[in-house]
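Undergrad: Okay, sequence plus prediction incoming.
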2 protein chains.
Amino acid sequence: FNKLVSDYEWLRWIVSFFMGVFIGIIAYLAHVGVSNILKLKFSFVEKMIEYDFWLGFLAYFTSNTVLATLSSLLAVYYEPTAAGSGIPEVKGYLNGTKIPHTLKMKTLWTKLLSMIFAVSANLQVGAEGPMIHIGAIVGNGFSQAQSKEIGFKIPFLRTFRNDKDKRDFVTSGAGAGVAAAFGAPLGGALFSLEEVSSFWTTSLTWRTFFACMIATFTMKLLQDQSASLNGLMIFNMGIADKLFAYKILELVPFIIIGVLGGLAGAAFTAINIRVTAFRREKINKIKSLRVLEVFMIAALSTIFQFILPLMFKCKDIDINIIPGHGENVTESDLEVFKQFNCGEGQYNELASIIWASNEESVTNLLSINTQHMTNTARLGIPALLLFFVFYILFAAYTAGSGISSGTFVPMIVIGAAYGRACGVLVTMMFPTSYQIDPGVYAIMGAAAFMGGVSRLTVSLTVILIEVTNQLQYLLPIMITVMVAKWTADAIIHPFFDILIQMKYIPYLEPHPSKEMKLLVCKHIMAKKPVYCCEKDTLGNILEILRETTHNGFPVVNNDEEKLVKGVILRSQLLMVLERVSDVYIPNSETVYSHMEYTTRLTWKLPKVEDFGFDPADYEMEIDLSDVMNITVITVNVEFAVSEAFQLFRTMGLRHMPVVNENNKLKGIITKKDLLEKTCEQRYLELSHMKLGIDQLLHEGDE
Amino acid sequence: FNKLVSDYEWLRWIVSFFMGVFIGIIAYLAHVGVSNILKLKFSFVEKMIEYDFWLGFLAYFTSNTVLATLSSLLAVYYEPTAAGSGIPEVKGYLNGTKIPHTLKMKTLWTKLLSMIFAVSANLQVGAEGPMIHIGAIVGNGFSQAQSKEIGFKIPFLRTFRNDKDKRDFVTSGAGAGVAAAFGAPLGGALFSLEEVSSFWTTSLTWRTFFACMIATFTMKLLQDQSASLNGLMIFNMGIADKLFAYKILELVPFIIIGVLGGLAGAAFTAINIRVTAFRREKINKIKSLRVLEVFMIAALSTIFQFILPLMFKCKDIDINIIPGHGENVTESDLEVFKQFNCGEGQYNELASIIWASNEESVTNLLSINTQHMTNTARLGIPALLLFFVFYILFAAYTAGSGISSGTFVPMIVIGAAYGRACGVLVTMMFPTSYQIDPGVYAIMGAAAFMGGVSRLTVSLTVILIEVTNQLQYLLPIMITVMVAKWTADAIIHPFFDILIQMKYIPYLEPHPSKEMKLLVCKHIMAKKPVYCCEKDTLGNILEILRETTHNGFPVVNNDEEKLVKGVILRSQLLMVLERVSDVYIPNSETVYSHMEYTTRLTWKLPKVEDFGFDPADYEMEIDLSDVMNITVITVNVEFAVSEAFQLFRTMGLRHMPVVNENNKLKGIITKKDLLEKTCEQRYLELSHMKLGIDQLLHEGDE
């Protein structure tokens, strides 16, 4: 049958609109939740500190550990899929691998709550990664316009209940999640394109862009009815009063920052790999241990946040060194200076960044100021480097533990810390140059570290530009990101790729590997494929369904010739059997063929165990030719694996029959056969047999 | 054979670097050329005006018409491929259609010179479209590292002499061209992705991004050694002294501007279609007529530029109304006010935009000013609307005439003119609101009109943001662009798509059309494909090569069974024959097989007429099985055309054998069979035969 893809393009736009609004609302809820809990907590702790310093510590310690434990309980016991950022799962889904529970509503709410608690607990995690997953779930929910869990279903949207539309909406939703989280509509759309999606079309660009815009706008509108431009975390660095705020020679330190960012990013990734391996081995098997681990992280982190600042002397708040607005100092300007253990009118420089919300830390680190000499003194190199070491270790350890959390903002914080340290160093080396601003070096550090970890390029640059509102630094940011990416590429795989590998999600990279170019299909195919015949017996079909878990089966003309005629999905076979059982009369010798099979997916597929056919009828013949999909791509046994890979990747295939020159079925290739590791191993096996390339290419011939 | 794709990834980066540098230099040359000629011209004409007004007119008229004629002579006589913007040709090439001369060095130089003259002649054309084509040519030249024309060739780069690498470098080059032209590295990369390319991979994103960055940077460096951020045409609008310069209610006029932009864009496109059809019919056939046409356009345009301003009264230059810098008025600030026919200290408002370079017009139209009431008065609605009508008519007529020219900057100028007019109207409606700034409306107008003509979304938004350096308007620009795109989409096809159609370039759209979903391959395939046998005779091969112009041929096992074994390219057949002729001994009964055929393209392919085989040897057998490509994608006759389309589009196929269920060759599908128009027509033919869908699907069965 020729399935007609829906042409309700306008309906897609309307659905995208509501999806964007919904994601914007969720981002707003997350923002409100986090900021209110944090405000409450800090004002309470500050009051306690006034009373007694160590009572303040106790209050801070208790609230942080309680929040962290709550967050962990949700993500460990209530819905385990909600743990982590969810980016690997979404990427895997869009690459064609379904992971159970990934796109469920329950996951959404659990994730949202767990994330709010985790961020409020002053753990070294961010709120943005989970928003990507949440956006993806919303996209899926809207495209399906149904949810089994909450019993909600809009019938006229069933036209989108196909794989392609679902995938498209999930892609847009993920983009809108980033967009709303960062207040970066362009960056969100580009992130979705660069990192998340595996299949992309121009029309999808437009719709994703639109959804991102709506989500950002909704978020802004809710946050501030005057529609000012603050997102969940636009960092207002203050306004640079010179338009062109860097000199070309400054590219030298920027490039050095890029190299350092690449190295630090690689180190971060390496630490996290070790931790994840250790965690999988020792902790993840026992749920209570996972919660305990989170408790321990929170406890340790809190202690460090409180103890480390005591190593630094108090400094006087100098009104002149407040970024940008020397004249009119407002309450909120002073908020970034944490009094902590100091007297009135004084501040503790490390506490101002370490004993603060992520947003405060970033604002502090990125602040631009023309009176840079005093500004330099505000955060000294020792405080910055100590903060950097503390944050990178805790962030690398925490990522992947039993809470819902992201690594985006931690990456910005870490990068900004060492970047600013470099900036202060440069100002000290060239004390007479008033153009050097440590805030700019902090942006470069953030760009470099994020580039080193994620290897994003275009979307990262755009997100940073949108978040800091500093378009004039476009070119140096681009250069720094590229340098960091190259450096890190030389050392280790990208962070998200490793996460996917460590979660055992079969993922097809964008390009075939070297080994694939040396193999042909017969080397990697499953050589005894399970197949149906055009007119197959009831018994055979039942057996196939019972004995295998495959998603699709080749259909051949008969058992002898085995000429491939089409492909049939497991779901189609089940539906055929359901139709047959509707009209089934035991022992009646009916031939079941040319019935009006429907192609629409029913609410729930029948299970193969539920059919009550009489084994005496197992020889009964069923005609599958009207149901099977005749638009099937087959390849020859000699077809290059690299090209087969391209077919899977670009056409979104799940299985592909392999035939000989007479179109006789010889094998089948599925996604798992095309994984880089599988092909590498197969190639090694073949070469260990001491075969030359030439023989290799002919191995397996009959 | 399995062709191993080159893995010299680092070499690609190095080539991209030099490509970027080269494109940056060319963009700089273009900029220097245009601005110097314009400066010279205007200062000369102004001197003449001081002497006598009509003498000034004569000077202006003469210089414009001479420059325009020069430009036209180059593009009409010397290298006709250089005419126009070249965007359709580049898009066509990247879609798989080679158009002769498109990527030649001669085209580059002609294009560059013709464009410089055309822009200097104050024609209503821009310099940016040609830069895309020029960038593409540079990309091609660098990837091939050779040029037959100038006898230049670097042997070690021959690894990129394959279709895919060539295509990738052309894509990057086109992006770098835009980037350098606008000073918009991100926008350039995104433009290449959104509009130009047909095939795109993640790694290509990175390299394009890199090339764009290098090109922009080179351009900036040459232009201003302090590496300030001016591109070829960053329009410095002045600095908005409030960060959030629009109110949410202003979205209403912005959306109206969007709708108007969509309508105006559609009108522009419709006018240009008529003009192009007329021009093809009446003018293009005679070369001298094309030059005369350009002369006439220049003459008329010049007359209007000089006469229309006389309708407006002179105004006093008020120092306070200069954008942004009320206090320190510099010489260059005053330059935007054209004295023209007025007295000292006065200016003519229409002359300030119409009798000016594109850059001056845009700067004038987009200027932001907080003292908006006086600013409003600077350019009144009558002057703006008159300018709008003049410019849209001339720009729509000029595009496609016998000069090298683009439509990007004209689109910005036209849009900014009516946008500013709307802005002035709104300020007059709400005279008490000091937040309304006509300059902002001008940006929205530019965004809307460009969206209406080009239907770009993401890249257009980014380019506008980069060019105006006004990140805070991101959201309203996005909304305006979307509205304009939707409005125009409802009326007419995108401008560039129509250009491609009118140039008869076979182009596969990103998505299959409705008809394709109703057809299967047997309906559209060529039913008597020309094929070779695995062991074919010399005579047959020669005949095939002589009688057809096809690029590739299916290879079957023998004439009776016709089982498809592979595909062989024309170039491969020619190389085989060349090898055979090297060892050829007439009448010797040799069997030419298993020779060491090389897969590398030689410097020049032999011509089929050049072979001197003795007709007596025509029965000699040649074994093609080692040369042919066995990694061939074949589909069944019942395969859906929409899916076949996807295969062509995503895998970059050029021909695909169609087989029956025994793998017997039944037909072949090429790109031309998959064009929307072809399928539409085929579908109509089939339905006119009064066949129902059901019969339709079985029509053609044996």
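TA: Received the coordinates, thanks.

Undergrad: export the helix or strand harbouring A:M411 as CSV, just CAs?
TA: When secondary structure is defined by DSSP states H and E, A:M411 falls within helix A:408-429. Taking C-alpha atoms only, helix A:408-429 is exported to CSV below (Å, rounded to 0.1, in the frame of the first residue of the first chain):
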residue,chain,number,x,y,z
PHE,A,408,25.1,23.6,30.4
VAL,A,409,25.3,26.3,33.0
PRO,A,410,28.0,24.5,35.0
MET,A,411,30.0,24.6,31.8
ILE,A,412,29.5,28.3,31.5
VAL,A,413,30.4,28.8,35.1
ILE,A,414,33.6,26.7,34.9
GLY,A,415,34.7,28.3,31.7
ALA,A,416,33.9,31.9,32.9
ALA,A,417,36.0,31.3,36.1
TYR,A,418,39.2,30.3,34.4
GLY,A,419,38.6,32.7,31.5
ARG,A,420,38.3,35.6,34.0
ALA,A,421,41.4,34.4,35.8
CYS,A,422,43.3,34.6,32.5
GLY,A,423,41.8,38.0,31.9
VAL,A,424,43.0,39.3,35.3
LEU,A,425,46.4,37.8,34.5
VAL,A,426,46.6,39.7,31.2
THR,A,427,45.5,43.0,32.8
MET,A,428,48.3,42.5,35.3
MET,A,429,50.8,41.9,32.5
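
Undergrad: Packing partners of that helix?
TA: Helix A:408-429 is packed against helix A:128-144, helix A:251-282, helix A:358-366, helix A:372-378, helix A:381-398, helix A:438-454, with contacts defined by 3 or more Cβ pairs under 8 Å, 6 or more residues apart in numbering or on different chains; DSSP states H and E. Every residue, glycine included, has its C-beta placed from N, CA and C.

Undergrad: Looking at the record's assignment, how would you partition chain A?
TA: A:9-223, A:248-286+A:358-502, A:514-698 (automatic domain parsing).

Undergrad: can you tell if the longest one touches chain B?
TA: Put plainly, it is domain A:9-223. Yes. In terms of Cβ under 8 Å from any Cβ of the partner chain, part of domain A:9-223 sits within range of chain B, namely A:185-186, A:189-190, A:194, A:200-203, A:205-206, A:209-210, A:213, A:216-217, A:220-221.

Undergrad: Helices - which of these land there?
TA: Counting by DSSP state H, the residues of domain A:9-223 next to chain B place A:185-186, A:189-190, A:202-203, A:205-206, A:209-210, A:213, A:216-217, A:220-221 in helices.

Undergrad: Just the buried ones from those?
TA: Buried by 16 or more other Cβ atoms under 10 Å in any protein chain shown: A:185-186, A:189-190, A:202, A:205-206, A:209-210, A:213, A:216-217, A:220, out of these.

Undergrad: ok, which pair from those is furthest apart?
TA: The distance between the two most remote of those (Cβ to Cβ) is 27.3 Å, for A:T202 and A:K220.

Undergrad: So A:A127 versus chain B, what's the distance?
TA: Look at A:A127 and chain B: by Cβ to the nearest Cβ, to the nearest Å, they are 21 Å apart.

Undergrad: And the strands in chain A?
TA: A:146-147, A:152-153, A:314-316, A:346-348, A:532-533, A:535-537, A:552-556, A:564-569, A:621-623, A:635-636, A:655-659, A:665-670 (DSSP state E).

Undergrad: Reformat those as JSON lines; add distance to B:I37.
TA: Shown next, in JSON lines, are these (distance: least, Cβ to Cβ, whole Å):
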{"stretch": "strand A:146-147", "distance to B:I37": "65"}
{"stretch": "strand A:152-153", "distance to B:I37": "67"}
{"stretch": "strand A:314-316", "distance to B:I37": "59"}
{"stretch": "strand A:346-348", "distance to B:I37": "60"}
{"stretch": "strand A:532-533", "distance to B:I37": "74"}
{"stretch": "strand A:535-537", "distance to B:I37": "79"}
{"stretch": "strand A:552-556", "distance to B:I37": "66"}
{"stretch": "strand A:564-569", "distance to B:I37": "65"}
{"stretch": "strand A:621-623", "distance to B:I37": "78"}
{"stretch": "strand A:635-636", "distance to B:I37": "59"}
{"stretch": "strand A:655-659", "distance to B:I37": "60"}
{"stretch": "strand A:665-670", "distance to B:I37": "62"}
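
Undergrad: Let's have these in JSON lines, adding mean pLDDT and mean neighbour count.
TA: Converted to JSON lines, the strands of chain A look like this (pLDDT from 0 to 100; neighbours: other Cβ atoms under 10 Å in any protein chain shown):
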{"stretch": "strand A:146-147", "mean pLDDT": "56", "mean neighbour count": "16"}
{"stretch": "strand A:152-153", "mean pLDDT": "57", "mean neighbour count": "12"}
{"stretch": "strand A:314-316", "mean pLDDT": "81", "mean neighbour count": "15"}
{"stretch": "strand A:346-348", "mean pLDDT": "84", "mean neighbour count": "19"}
{"stretch": "strand A:532-533", "mean pLDDT": "90", "mean neighbour count": "20"}
{"stretch": "strand A:535-537", "mean pLDDT": "87", "mean neighbour count": "18"}
{"stretch": "strand A:552-556", "mean pLDDT": "90", "mean neighbour count": "25"}
{"stretch": "strand A:564-569", "mean pLDDT": "88", "mean neighbour count": "23"}
{"stretch": "strand A:621-623", "mean pLDDT": "84", "mean neighbour count": "18"}
{"stretch": "strand A:635-636", "mean pLDDT": "88", "mean neighbour count": "24"}
{"stretch": "strand A:655-659", "mean pLDDT": "89", "mean neighbour count": "25"}
{"stretch": "strand A:665-670", "mean pLDDT": "90", "mean neighbour count": "22"}
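
Undergrad: Any regions of the stretch 1-150 of chain A where pLDDT drops low?
TA: Counting by pLDDT under 70, the stretch 1-150 of chain A shows low-confidence ranges at A:1-8, A:145-150.

Undergrad: Fine by me, we can end here.
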